Structures are given as structure tokens and as C-alpha cells.
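Fold the stuff below for me.
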Amino acid sequence: MKSLLLLWSTLAHECASRCHTSATRDIETVASRVEHEGLSFLTITLPCFGKAFEKCLDQGWVDPALFAKPCSYEMDKHSGGHLPKFLGGFLDRVFDRNSGLLMSKPCIDSILSLRQLTLMYGKMLSPCSDARTRAAMHDFIHCEQEVENSYSSICSIDLEAFARISELLFHEVFQATDLTVMSMDGLMPKHGPGSTADKLLGNQKYLQREWTDRLEEIFPSGNFLLPNWSYSDQLSDVRFLEPGAERPVKVISVPKTHKTPRIIGIEPTCMQYMQQAVRPVIQDQIQRDDSLRKIIGFDDQGPNQALALEGSLSGELATLDLSEASDRVSYRLVQDMVAPYPFLSKGLDATRSRKADIPAIGRTISLSKYATMGSALCFPVEAMVFATVIFLGIERELSRPLTHADVNRLKRKVRVYGDDIIVPVDFVSSVVSTLETFGFRVNAAKSFWTGKFRESCGKEYYEGADVSIVRVRREFPKRRKDASEVISLVSLRNQLYKAGYWSTVKWLDKTIWKLLKHFPIVESTSSVQGRHSFLGYEAEYACENLQVPLVKGYVVKSLIPKNQIGDSAALLKCFLQQGDEPVVNEDHLERSGRPLVVDIKLRYATPY
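A predicted model of the protein is given here:
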């Protein structure tokens, strides 16, 4: 924690120099509060200040109440109680000290510095306390109850309108997917690299012998578990599970922030396998539609970021963020959306886990949501639901039925990427109200439309200026063997370098040199853990055989676990990995899955 405090102090001095102010008192305040409150001041309390500042920036004036609990920041009496004392030198360059109103031309460097200094530790991947984890699991259960209650409270008129708008937007997508599921022509399942509820890892997933009756009805096991029908005798080893005996999705927590963990679901192998068959069909159909591919994004965050930039300049586009987005998509609402398409409807139902096992609190519950975060279908399905509700909100504001022409006209002004949403400001009130009608929660702290600040998909802008920050993801390593922490620290150094924090980078270089005896200057494409430079790489050696430049440095080494398969399982894997994702590892039938341990090894490698 001492290193984190030293980093903050070094960065605060550099930010103060940029903004022609002083951070000496601020550094003393942070040191004192960390001494009394511990790491949580940096990871929880300080980010609360940053979020309060962003909200004041959006509304155009400082609201002292935002800096009260849980921030507990003292207001400056000399400013009439309008501005906090903490980071006052920076705030004075953004807000008028006497009135607390936003300046007509606030200092962009001060806005960036305030965000950097307050939010940099807000998303550290550190484990939460057991109490916070249990609380998150109970919140997960409470959310389930709210999802069911929210759907039940939606009136029939709203549900009919929802179904009508979804048909307007996605008729061709649903129709094509329905035909694909019916014919099974082009359905290509695959296994992901992660864990499964039945604890099959890597290549062992191709030996799965568990299937559900619901899957069998729409996706016969013989078509997907066998390389060809000459192996049909192996179906006698398959255990078919009735709905009441199905294996539940396993709900666990993974590090997200120090304040709260991320709750995800680990799906059974058979569910995950067939989810991966349906997902690309839906996404490909959306990408083929000229309007929909501009409205919904799956792989590229760039359009959302570009629209956030445009919104910060013009003020015509709002950026919205949803809380617990995927957890609040009702299964019944999804079924309403695809009701006219029987095969798609059955396919989405069959690949969905109906129950969730929550080991942390020893409970198994029925799910009201469509899917937990972890299902391969969670992302595309929620995007379609959100888009439908958004355009329903737009229709209500227009006070007339929505048309294809309207959708086409708005395709460059409405964008959905997960829970990051962009809509025209003219429709924002109606869209927010409609989202809430359908049980979704708009995160007010991360939604912006009144001022010149916009945030979407990891990029933030104020009046066209990029005020995105560099975040610290892990604590500093104590020794070189702390490979994940070393990799994270090197990445942090290079991000700060590209952001122009030269003094802080010099301090970090000295810190890293104590861990890594070899820390060369390399390109960002190099496998070596090294320093990035705008001046390019510096070669240290030359390979006598290949006549290429080399450097000596630490390279990430991750050993894939041994996981051997043969016969029909090996043949099935080879068939499934043909085409878009060909097999690239020669020993893929002997080793597979995610590496259990990540290490760094000293070796010679190219600096590019």
C-alpha cells in the first residue's frame, strides 16, 4: 500500500505542475486518511469524490451534498462552502470559488487531473471482504425477486408495444435465425476456454456425456456430440437430464473492485456448448443489416466512443449506463420478443439454465432473468432487449408509431454496446422512463446529458477533449515472481508514458528496475516486458543466424495444462475448429484450456 500512496503523491505533484497549482496539502490529506482508513480510502472513498465531481461537471455547479457521506470531505468556508478543501487548487480552475458555478472555459488539464487522481484506484482487481461478497450474493437473489415483480407490473399495452417494436427492428434477424435453428444448417457449437459447472476443462469437454431433454428436443445430441453417425453407439453413454434434474449454473464472484465483486455464472458444458452455436448466428444476422449494425455493437467499442466525443461537442447525444444490466433482463420478456418464432424461442429456452447454485451462501434458486453474466447468449440478447426498449421510448416521445424510416434516420444517433447506451438528448427523458418501466435501472452517477461531459466504453470527453484516465489494476509486486502484478505494473508504466506523465514514469522506471534487471526499450507489439517509447525500440544484440535485432528481457510464459484426447473426441474437435478458427497449436490434442500459472522468463527476443 505504501507504493500505491507514493505513486499517488508523485502523480499529484506532476498534475499540479501541469495545472500551475500545488498539491502539497492534498498529499498530506491522502496520507493521513490512508493511515486511518487503509486501502479503502484509495479504492472506495476517493472514487466517490471523482464521481461527485463528474456529476457536478455535468450539472454545471457544485452540489456540496454530493461530497458529504460517504466521501466525508470538508467544504472550504472561504468559498462560502461551495467547494471542497481537498484538491481545491484544481477545483478553482474548473468552478468559480465564490458561486460554485462551472466556469465558461474550465481548465481541461484540471478536469483530467481531478479525474486521474480520484478515480485511478477505483477499479483495482482486489478481492473483496467475505462480508461484501456475501452481501453481493444476497443482492443477486434480491435482484431475482425484483426482476419477476417488475415484469408482472408491466401492463399489457406496454408488452404489446414492446413486441411490436422488436418485430419492427429484428424481424429479419429473428426469421433467419429461426430457419437456421430449425434446419440446424450452419450451427457450429464450440467450447470456451473457461470453467464449467460440471468441472470439465480443456479437451475433456469434447468427452461430455451429459445432455438435457430440453436440448435434445431442439438440438439432437447425435448432431452435435458425434463427429459423424458411425459413432452413434456412443450415444448410449450420454445421460439425458429431465428439467427438474438439470445441472444449475454455478454463481461465483470474481474480482472487480475493492467495493464490490463481479457476480458471474459458470454454465454447464452442454449449455455453454450450444449457446456458442446460436450466438454467432444472431450476431451475424445483425451485422448484415445496414441499420442494426450501426445501432448494436458486439466487438468494436469505437463507434460508442466516437459518439460520446460527438455528444461532448454538440450536446445532442446522451450517454447512459445501466446498473446490473444483464441481471435485469427478464426471461419472460425475452420470450415475448421472440414468441412468433417457435424454433428460435425453443432454442433460446433450451440453452438457458433455469436454476442457479450459489455456493457462497448455500442456496439454489430459480432464475427469473434470461441468463447470468457468463452465458454466451447474455450479451446479444440483452442488446436486442435494450434496443427495443430504447426505440419504444423514442416512439413515445414522437407520439406516433415508429417506422423503418425513423430507425434508419436514427441509426447514427442510437448505439447499444452491452450496458453502454447512447441516445439523442431530445429523447433521453422518455427513454430513461421507458427503461425503468421495464425494470431496468439507469445509473445516474455514470449517465450524462445536461453538460459537456460524456462517458462511454472506457473513454471520457469534455467538450471534445479526451479526459480519459489511466487506471491501476493491481497492487505493486513485492518480488519478480509475482508475475501478474509485474505485467500489470509494466502496462501501467507504458500507459502513463503514452498519457504524457513523464515524471511519474521516471519514478516508476526506478521502481521496476529493482524488480527486473533487464528492462529494455521495445515496441508495443514485442513479447518482451519493456519500456515503450515514441522514439522507437533500441536493439541490444543481433541474431547471428537470422540477422535480426534482439533485446534481453522478460517474456510472459504460460504453460497450457496437459489434457489429452484421441479417437472420436479428437476428430470432433478438429471438425469443429475448421473454418473461421483453425487449429494453430500442434499439440492442441495433448494440451488445452487456460494456463493455471502465469510466469515471466528471461530470454532474448525481438524488440518489435
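
Neighbours of residue 402, how many?
19 (other C-beta atoms under 10 Å). C-beta coordinates here come from the backbone N, C-alpha and C atoms, glycine included.

Begin at 38, not 1, for the rest of this chat.
New numbering, starting at 38: the last item is residue 439.

What's the separation between it and residue 347?
The gap separating residue 439 from residue 347 is 23 Å, by C-beta to C-beta, to the nearest Å.

State the three-state secondary structure for residue 70.
helix (DSSP: H, G, I helix; E, B strand; the rest coil).

now swap in residue 491 and tell me
strand.

What is the neighbour count of it?
Residues near residue 491, counting by other C-beta under 10 Å: 29.

For it, give me the pLDDT.
We have a pLDDT of 97 for residue 491.

cool, residue 633 as well?
Per-residue confidence (pLDDT) for residue 633: 79.

ok, it to residue 596 distance?
8 Å.

Same question for residue 381.
42 Å.

who's more crowded, the two?
residue 381 (26 against 11).

Where does the more buried one sit, in terms of helix or strand?
In this assignment (DSSP states H and E), residue 381 forms part of helix 379-387.

what does residue 528 give?
helix 520-535.

With residue 289 instead?
strand 286-291.

Toward the C-terminus from that strand, list the very next helix or strand.
strand 299-303.

Below-threshold pLDDT in this protein: ranges please.
106-109, 113-118, 615-622 (pLDDT under 70).

top helix in it by residue count?
Secondary structure of the chain per DSSP state H: the longest helix is helix 193-220.

quick one: strands adjacent to the next helix or strand after that helix?
Reading on from helix 193-220 to the C-terminus, the next helix or strand found by DSSP H and E is strand 247-249. Partners of strand 247-249 in the sheet, by DSSP bridges, are strand 276-278 (parallel).

The lengthiest strand in the chain: which residues count as buried?
Longest strand of the chain, by residue count under DSSP state E: strand 586-595. For strand 586-595, burial by neighbour count (16 or more other C-beta atoms under 10 Å) applies to 587, 588, 589, 590, 591, 592, 593.

Same check on stretch 260-280?
Buried, per 16+ other C-beta under 10 Å, within stretch 260-280: 261, 262, 263, 264, 268, 271, 272, 275, 278.

helix, strand or coil for the residue of the chain most remote from its centre?
Going by C-alpha atoms, centre = their mean, the residue of the chain most distant from its centre is residue 581, 44.9 Å out. Residue 581 carries the three-state label coil when classified by three-state DSSP.

hmm, back to that, who does the strand holding residue 289 pair up with?
strand 299-303 (antiparallel), strand 392-395 (parallel).

right, so those: which one is the most enclosed?
With neighbours taken as mean count of other C-beta atoms under 10 Å, those reach their highest mean count in strand 299-303, at a mean of 21.

Against which helices or strands is the helix or strand just after that strand packed?
As assigned by DSSP H and E, the chain's next helix or strand after strand 299-303 is helix 306-325. In terms of contacts (3 or more C-beta pairs under 8 Å, 6 or more residues apart in numbering; DSSP states H and E), helix 306-325 is packed against helix 193-220, strand 247-249, helix 250-255, helix 258-261, helix 329-332, helix 379-387, helix 415-435.
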